[in-house]
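> This is the structure alone, sequence omitted:
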Ligand SMILES: O=C(O)CCC(=O)C(=O)O
């Protein structure tokens, strides 16, 4: 197995490995590299959905996403993110992740890591970006770090309650019905979380899911969130991934945000299989 950093700040490429067949020593090396680099890109993988789920499960129990429409038939732990249309309907979510976020932060026990396997890619577009929230936190002015240390923020899945996120007018009624059906309750998490394995602190707010600061004047809370979002999406903290067919990326949601960059031309296929490993209560 070769592990090669992908940028100065985030990510490593892993080659020479078949994830369908790894022993405990290889797993231990992967786990170490994951904690060091925060995103691993395993090249040239050809995993069935069952094999992806089995590898993912080595990191912990899998979660089933609330968006049940995009579940893979027969394997609810695998979610399909795809632009593929069959009989006039998308087979999975075509535009998931279109705002910066950390997975499932709107639940009490958010995602530890997400694994995304590229099974079909468009000729252009479809990149993914990750932002290093350790660096975003560590480079804040000391006064801001002191100010945010005791704060807690509210996270929601419901787009209609988040003014930073748009829902096209034509989809508003459908969105109302959908969120009434599947929206879990809000969750409250610390604005700064401590990584349970490394002890390093990271910002833990995102434009997609964080809608306010608890026990703070609304306008003041929104201004603070704007400041933290600007800080955490500075180019210096971001790694942008151009996918290759067969890539399986795996990232640490406890210290990163990510964004699906879009830009896939209409009619072109981008098809990813996704699994999410349950983490623990942020502190
Ligand atoms: O498709 C992508 O590039 C990212 C999707 C995403 O945001 C996710 O899997 O949570």
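Structure received. Model, not experiment: these values are computed from the prediction. Numbering: from 1, shown residues only.
> Beta-bridge partners for the closest residue to the ligand within the stretch 151-283 of the chain, please?
Here the stretch 151-283 of the chain gets closest to the ligand at one residue, residue 260, 3.5 Å apart by C-beta to the nearest ligand atom. Just so you know, the C-beta spots here come from the backbone N, C-alpha and C atoms, and that holds for glycine as well. In this entry, residue 260 is beta-bridged to residue 128, by DSSP bridges.
> and the helix or strand hosting residue 131, what other elements does it pack with?
Element membership of residue 131, judged by DSSP states H and E, is strand 128-132. Strand 128-132 sits against strand 238-241, strand 256-260, with contacts defined as 3 or more C-beta pairs under 8 Å, 6 or more residues apart in numbering; DSSP states H and E.
> Show the subsequent helix or strand relative to the last one.
The first helix or strand that comes after strand 256-260 along the chain, using DSSP H and E, is strand 271-278.
> Residue numbers of the stretch 1-150 of the chain in contact with the ligand?
Contact residues, the stretch 1-150 of the chain versus the ligand (C-beta under 6 Å from any ligand atom): 81, 96, 97, 103, 114, 116, 128.
> where along the stretch 151-283 of the chain do the helices fall?
Applying DSSP state H, counting those that start in this stretch to the stretch 151-283 of the chain gives helices spanning 172-182, 218-232.
> For the longest one, what is the distance to the chain centroid?
Right, the one you point to is helix 218-232. 20 Å (C-alpha atoms, centre = their mean, to the nearest Å).
> Ok, stretch 192-200 next?
Worked out by C-alpha atoms, centre = their mean, stretch 192-200 lies 17 Å from the chain centre.
> Can you name the residue of this protein nearest to the ligand?
The nearest approach of the chain to the ligand comes at residue 97, 2.0 Å away (C-beta to the nearest ligand atom).
> is it true that that residue lies in a strand?
No: going by DSSP: H, G, I helix; E, B strand; the rest coil, the assignment for residue 97 is coil, not a strand.
> Hmm, residue 255 and residue 194 touching each other?
No: counting by C-beta atoms under 8 Å, residue 255 is not a contact partner of residue 194; they are 9.9 Å apart.
> which residues are in contact with both of those two?
200, 202 (C-beta atoms under 8 Å, 6 or more residues apart in numbering).
> between these two, which one's more packed in?
Remark: of residue 194 and residue 255, residue 255 carries more neighbours, 28 against 16, as counted by other C-beta atoms under 10 Å.
> Quick one, grab the pLDDT at that one.
pLDDT recorded at residue 255 is 98.
> do residue 111 as well
At residue 111, the model reports a pLDDT of 98.
> Give me the spatial nearest neighbour of it, chain neighbours excluded.
Excluding the flanking residues, the one nearest residue 111 by C-beta to C-beta, 6 or more residues apart in numbering is residue 103, at 3.8 Å.
> cool, and residue 7?
residue 239 (4.7 Å).
> Correct me if wrong: the one you found contacts residue 129.
Yes: in this structure residue 239 lies within contact range of residue 129 using C-beta under 8 Å: 6.9 Å.
> Show me which of those two is the more surrounded one.
residue 239 (22 against 19).
> beta partners of the more buried one?
Going by DSSP bridges, residue 239 forms beta bridges with residue 130.
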